[in-house]
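S.K.: Sharing a sequence plus its predicted fold:
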Amino acid sequence: MTIDVPDNQPPMPLSPNEGTTRRIAVHGIMILLSALSIFPIYWMIVTSLRPENEIFSTLPWPSNPSLENYVFVLTRIPMLQMLVNTTIVATATAALQVLTGLLTAYALVRWRMRLAGLVHGLIALSWLVPFQVTMIPNYVLASRLGLLDTLTGLVVPNAVAAFAILLLYHSMRSFPTEILEAARIDGAKSWRILWQIVTPNMGAPIASLAIIAFISAWNEYFWPLLLSRKPENSVVQIGLQMFMTQEGNLWGPLMAAAALASLPILVIYLILQRHVIESFMKSGIR
Amino acid sequence: MLRRTTLKLMATLASVAMTPLGALAEMPAAIDKPVTISFYNYNLASASAGADATRELLAMFEKKFPNIKVETIAVPSNEIMSRVQADIVAGRQPDVAQLVFRDLIYIASDLGANALEDMVNPEELKAHLTGMIPQGLELGKVDGKTYGLAYTFSTPILYYNADLFKQAGLDPDNPPKTWTDVDAAGRAIKEKAGKNGFFPGAYGPVDGTFVYQAIVMSNGGKVRDGNKLTFADTNAADAVKMLRGMVESGAHAKIDVASPSDTFAAGNLGMFLYTSAVYGSYKKAAKDKFDLRMAPMPSFGEKPTAPTNSGSALYVFSKDPEKQRAAYELLKFLTSKEAYTVITSKIGYLPLRLDIVDDPNYLASWVKENPMFRANLKQLDHLTPNIAFPGPNYRQVEKMMMDSVREAVFGTGDPSAVLTAAQDEGQSLMP
């Protein structure tokens, strides 16, 4: 027996009850997934409010919530200084990566150079080299330049990033050539074209890059670990490690420090929510 | 691994290039002009009591030696070796470093640490070492010379939750003395109290090998003999089989190997064999929650136990005689009676000088307030040095050994076969 199925048959409309059920199911799943995502943040905050002998309690809320762990963090390590250092390092790194990315991408896309393809290929290949391989040569160089234990030393090796160049290179390639030709006919040179025509029209990719570079620099651990010699010259990720000790982990202060360290990123996310999501969607999660 | 290999290669080349041939130049008898020395320290890279105690000690030292300035470099313990190597490569020779015992042979043979016997006048050295327990001094020796002077160190101790003992119908005043007792108590806790029985802090990524080696050596085994690996030999394998037997009986918990310490602190584990250094942390976690107690590590029947050491030693790398004198003064101070009083009472590590324990000028009042600490002190009589591995691949060999121990204890294969396979493979990486 065969069943004839007519072509191009419109989907059968859902009955009001079926539509409601489906919506409830979809929303139910989304609420569950949201709860799963938010739970670690909630638990971090709750744990940060627990006294030391309640750290391992499974109660959803501390019986005697207190800010003791936050006071401990702020008095035992230079947390505020570390937050300021991290903000400076992340902002400078993001700004420099955008700047160097724009200059390099413009040169590769708009200038006719011999071996431009090779240069592009080498930059792309350098992206594949793990940080651990360049870490020691970079450290030796930073030591010779007197950059150990300085914020400049934390920024300089990350001022140019292959990822930044490649992201802007591809955005710049899709920039309409006609506009650039028109500007050139009007007598504009490369410098003016880059800053007055190209850059103002590349807001979205520049914002994406800046956000990703900032978050990446904020979360950087290994390079500051190697370069810093004193806690007050270091960054917040190193501060978190200070609560994991040979004499046991200090979970309460660690959670309080983690909450403080994630606050600025959370604020950025709340303000630039749409841009952050777009950045990660376009470039893949780094 | 690549980073470590690169580091080792570069550090070896640098240390060879920088180490003068022949005997070290004689250091002056005293410091009569200002000298600055670097001190790589992992306690300072934490926010724990260890950092406070270290700062206190350094302040005391600088007050006593106003000409010596100590520049501290704070690095977490799991990264401090890489930092010392990187700085040697970068030409920044460390003067003094606090490093863990597992790296002892590599530090002595490849990083160019100074043997105290080569650096210090024999009589002066003898005068300082007098009064320190000989077993403690053995910990930092390679080929009979002292490269590391034991500083903050501890031994495995059996922590137990007396409340769970009571719930399981056990007598908390009579803690397990042998592994047979641990097996029985572990099963009782599991069956009657519904909690995890026993676990050793021996399998996790940051546990090192000292708890495992203490168990093995308590059964007459050893992990290596010269350059030959022996962790699959009968006595060593039997110790692992004992642990496997407890896993099968239900006495040995099957929990995340990375966090048994938290399970114990949360009150969900009856007995935990681990470093005495975490006592302070458990004391706070257990306050008003459960009755925390300590006992010496269990034995194999009548055999004496062989508690090994965790913790760190102090190493001198200075090549300049003035700095060597300053570094040695720092070493002397940090292993003095005054310093061990601070180290024991404020961090919880063992004193290398036992005469201070009952001396009212030093630790007597503290030990009286913390009587449980005596269980730890008792073990010092038979302290057995932890065995480090030689050669440039020492960490890989150590990892292969510990991977096989985990597989032998928690897996389904024959423990002896698992250990033998790893031993054969690891032997090819030995010098």
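M.R.: Yep, that arrived.
S.K.: any idea what B:Val182 is structurally, helix, strand or coil?
M.R.: Look at B:Val182: counting by DSSP: H, G, I helix; E, B strand; the rest coil, its state is helix.
S.K.: What mean pLDDT does stretch A:182-195 get?
M.R.: Stretch A:182-195 carries an average pLDDT of 88.
S.K.: Please enumerate the strands of chain B.
M.R.: B:35-41, B:68-74, B:96-100, B:141-142, B:145-146, B:149-154, B:156-161, B:196-200, B:224-225, B:228-229, B:269-275, B:292-295, B:310-316 (DSSP state E).
S.K.: typo on my end, the stretch 151-286 of chain A
M.R.: Using DSSP state E, counting those that start in this stretch, the strands found in the stretch 151-286 of chain A span residues A:244-245, A:248-249.
S.K.: Make TSV out of those and add mean neighbour count and distance to chain B.
M.R.: In short, each C-beta sits where N, CA and C put it, glycine included. Below are the strands of the stretch 151-286 of chain A laid out as TSV (neighbours: other Cβ atoms under 10 Å in any protein chain shown; distance: least, Cβ to the nearest Cβ, whole Å):
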stretch	mean neighbour count	distance to chain B
strand A:244-245	22	4
strand A:248-249	22	3
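S.K.: would you turn the ones you listed into CSV with mean pLDDT?
M.R.: Below are the strands of the stretch 151-286 of chain A laid out as CSV (pLDDT from 0 to 100):
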stretch, mean pLDDT
strand A:244-245, 85
strand A:248-249, 82
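S.K.: could the strands of chain B go into a markdown table alongside mean neighbour count, mean pLDDT and distance to chain A?
M.R.: Converted to a markdown table, these look like this (neighbours: other Cβ atoms under 10 Å in any protein chain shown; pLDDT from 0 to 100; distance: least, Cβ to the nearest Cβ, whole Å):
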| stretch | mean neighbour count | mean pLDDT | distance to chain A |
| --- | --- | --- | --- |
| strand B:35-41 | 21 | 96 | 9 |
| strand B:68-74 | 19 | 95 | 5 |
| strand B:96-100 | 25 | 95 | 9 |
| strand B:141-142 | 18 | 92 | 23 |
| strand B:145-146 | 18 | 95 | 23 |
| strand B:149-154 | 26 | 90 | 8 |
| strand B:156-161 | 26 | 95 | 12 |
| strand B:196-200 | 26 | 97 | 14 |
| strand B:224-225 | 15 | 94 | 25 |
| strand B:228-229 | 18 | 96 | 28 |
| strand B:269-275 | 26 | 96 | 8 |
| strand B:292-295 | 20 | 93 | 11 |
| strand B:310-316 | 26 | 93 | 8 |
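S.K.: domains in the chain, as residue ranges please.
M.R.: If you meant another chain, say so; for now it's chain A. Domain segmentation of chain A under automatic domain parsing yields A:21-66, A:71-283.
S.K.: Actually, chain B is the one I wanted.
M.R.: If you go by automatic domain parsing, chain B breaks into B:2-153+B:310-373, B:156-308+B:389-427.
S.K.: which parts of the stretch 51-200 of chain A sit against chain B?
M.R.: A:52-53, A:55-56, A:72-73, A:76-77, A:130, A:132-133, A:135-136, A:139-140, A:143-144, A:148 (Cβ under 8 Å from any Cβ of the partner chain).
S.K.: A PyMOL selection for those, restricted to the buried ones, would help me check which they are.
M.R.: Entered in PyMOL, the line below selects the buried ones among these, by 16 or more other Cβ atoms under 10 Å in any protein chain shown:
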select buried, chain A and resi 52+53+55+56+72+73+76+77+135+136+139+140+143+148
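S.K.: Tell me how far whatever residue of chain B ends up closest to chain A lies from B:Asp143.
M.R.: The nearest approach of chain B to chain A comes at B:Ser281, 2.8 Å away (Cβ to the nearest Cβ). From B:Ser281 across to B:Asp143, the span is 37 Å (Cβ to Cβ, to the nearest Å).
S.K.: who has more neighbours, the two?
M.R.: B:Ser281 (21 against 9; other Cβ atoms under 10 Å in any protein chain shown).
S.K.: Skipping its backbone neighbours, what lies nearest that one in space?
M.R.: A:Gly248 (2.8 Å; Cβ to Cβ, 6 or more residues apart in numbering or on different chains).
S.K.: thinking again about what came up before, among the domains of chain A, which is nearest B:Gly220?
M.R.: domain A:71-283 (29.7 Å; Cβ to Cβ).
S.K.: and that closest one, how far out from the chain's middle?
M.R.: What separates the centre of domain A:71-283 from the centre of its chain is 8 Å, taken as Cα atoms, centre = their mean, to the nearest Å.
S.K.: again with stretch B:298-312
M.R.: 13 Å.
S.K.: same deal with stretch B:191-210?
M.R.: Distance, centroid of stretch B:191-210 to centroid of chain: 18 Å (Cα atoms, centre = their mean).
S.K.: one step back: can you redo the strands of chain B as a markdown table, where the extra columns are distance to B:Asp359?
M.R.: Listed next are the strands of chain B as a markdown table, based on distance: least, Cβ to Cβ, whole Å:
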| stretch | distance to B:Asp359 |
| --- | --- |
| strand B:35-41 | 27 |
| strand B:68-74 | 27 |
| strand B:96-100 | 26 |
| strand B:141-142 | 27 |
| strand B:145-146 | 25 |
| strand B:149-154 | 20 |
| strand B:156-161 | 23 |
| strand B:196-200 | 34 |
| strand B:224-225 | 39 |
| strand B:228-229 | 44 |
| strand B:269-275 | 25 |
| strand B:292-295 | 23 |
| strand B:310-316 | 23 |
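S.K.: and of the ones you listed, who's closest to A:Tyr169?
M.R.: Nearest of those (Cβ to Cβ): strand B:68-74, 40.7 Å.
S.K.: want to throw the strands of the stretch 151-286 of chain A into JSON lines with distance to A:Asn158?
M.R.: As requested, the strands of the stretch 151-286 of chain A are arranged in JSON lines below (distance: least, Cβ to Cβ, whole Å):
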{"stretch": "strand A:244-245", "distance to A:Asn158": "25"}
{"stretch": "strand A:248-249", "distance to A:Asn158": "30"}
